[in-house]
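> Model the structure of this input:
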Amino acid sequence: MRTVDTATLASALEALPTNPRVVVSGNHSVPWPLVHLMDATLERYTLNLLNAPAGVPDREGVTLETCFVGVGQRRSPRLRYVPSRLSMVPVLFREQLPVGAVLLHCTPPRGGHVSLGVEVNVLPAAIEACRRRGGLVVALLNDRMPFTHGDALVPVDEVDLGLEVSEPLPSPGAQAPLGEDARDIGERVAAMVPDGATLQMGIGGVPDAVLAALGSHGGLRLWTEMFSDGVLALRASGSLDEDHPLTTSFVFGSEELYAWLDGNPRVRMTRTERTNDPGLIAQQRMMTSINTALEVDLFGQANASRINARIHSGFGGQTDFIVGALHAPGGQAFIALRSWHPRADVSTIVPMVDEPVTSFQATAIVTEQGVAPLFGRDEKEQARGLIEGAAHPRVRSELWEEARALGLA
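Okay, here's the model as predicted:
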């Protein structure tokens, strides 16, 4: 790796083939100085990143390509959504989506390696695919990035150019207090999680509520796509298995979380094709997957991806973890959501989803109203549980009417 200035880096970007596909650190680890320089240098390119935040270039000449849509890509006329389970994105880089360049957000070198810090995900696969094609790998070397281990470590000779900066990482800031509905859901899910379980959950009010309700548990492990500050609370309460590593693919949270993460050997950052491999997930002790959805229908099908036929997010890791958890000994897969969507003012339990299905056959659906067990029940029992146990009282009579029309009652 050669450390360069912006003028030298711009010349290297100009030398890329016409309209290259550039894979960029996504989520909350976007290397903004590199992205802005690339956008000022290249007239046309394909920008591939997962869950893009607001502010990514969105203009004529830029194709916003992703397998998981973020707020910076949503509703753009230049969005190219490629449906894929997250575990399969590395395969796309090897075969269908050739990579011309990779822009990383890393630590400065240490012991012959840079660390990808808070965002590993699909980046190791992108680097490998890019180097096989003779492409360009560039690193933003940020001394504020936590140094993490596992698959986050990239040998310096696999990076062509580095640009040094010192910038704070994004943080969610002060969080609003959990609402009563979220607390109810969290307590219901936590009541079904045994001591010693292995957890997967995302970010947001409902996952945070589940973590908050797990403080009295013991021996908990993590094998998850991502985690946030809730893990610090579990650690403080003594709920984590201290003899087992915390496995994740990316992290987003407070400065306190990043400080704890820096150099922490207990946290194993793992590439997506391992973290999200259903076969490896199935090997985890009492694997418990906790996801959410936009809506669930009386057949137990969940839509977590689309609103009015427009892509909102994507499959993400939900399908990988539900399948893996259900195959794990003692495993469970929960879909947890509020029974009523306050912004749209509609029920989230519907007769039949109109959108493409993201996942199905969870262990149970959990709302603030109660728990609807699905796995092992026949379809009529599933529908009855969803109507009586999970749906909002305002729509239960309507759902019974629809259930009869669908042959579910």
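
> the domain parsing of the protein - what is it?
Residue ranges for the domains of the chain, per automatic domain parsing: 2-165, 180-405.

> right, and these - which one's nearest Pro172?
Among the domains of the chain, the nearest to Pro172 by CB to CB is domain 180-405 (6.8 Å). For glycine as for every other residue, the C-beta is placed from the backbone atoms N, C-alpha and C.

> Now do the helix or strand bottoming out on mean pLDDT in the chain: which elements does it pack against?
In the chain, no helix or strand scores lower on mean pLDDT, DSSP states H and E than helix 205-212, which sits at a mean of 86. For helix 205-212, the packing partners by 3 or more CB pairs under 8 Å, 6 or more residues apart in numbering; DSSP states H and E come out as helix 180-191, strand 198-201, helix 230-236.

> who touches the following helix or strand past the last one?
Going down the chain from helix 230-236, the next helix or strand is strand 246-248, by DSSP states H and E. Taking CB atoms under 8 Å, 6 or more residues apart in numbering as the criterion, the residues outside strand 246-248 that touch it are 221-227, 231, 240, 266-270, 275.

> hmm, 7 Å instead?
The contact list for strand 246-248, computed with CB atoms under 7 Å, 6 or more residues apart in numbering, reads 222-227, 231, 266-270, 275.

> Buried only: go through those residues for me.
Leu222, Trp223, Thr224, Glu225, Met226, Phe227, Val231, Val267, Arg268, Met269, Thr270, Thr275 (16 or more other CB atoms under 10 Å).

> As a markdown table, these with pLDDT and secondary structure would be great.
Compiled in a markdown table, the buried ones among the contacts of strand 246-248 are given as follows (pLDDT from 0 to 100; DSSP: H, G, I helix; E, B strand; the rest coil):
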| residue | pLDDT | secondary structure |
| --- | --- | --- |
| Leu222 | 97 | strand |
| Trp223 | 98 | strand |
| Thr224 | 97 | coil |
| Glu225 | 95 | coil |
| Met226 | 94 | strand |
| Phe227 | 92 | strand |
| Val231 | 92 | helix |
| Val267 | 97 | strand |
| Arg268 | 97 | strand |
| Met269 | 98 | strand |
| Thr270 | 98 | coil |
| Thr275 | 97 | helix |
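
> Would you reformat the residues you listed as TSV and include distance to Leu163?
As requested, the buried ones among the contacts of strand 246-248 are arranged in TSV below (distance: CB to CB, whole Å):
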residue	distance to Leu163
Leu222	33
Trp223	34
Thr224	31
Glu225	29
Met226	26
Phe227	29
Val231	31
Val267	26
Arg268	28
Met269	22
Thr270	27
Thr275	28
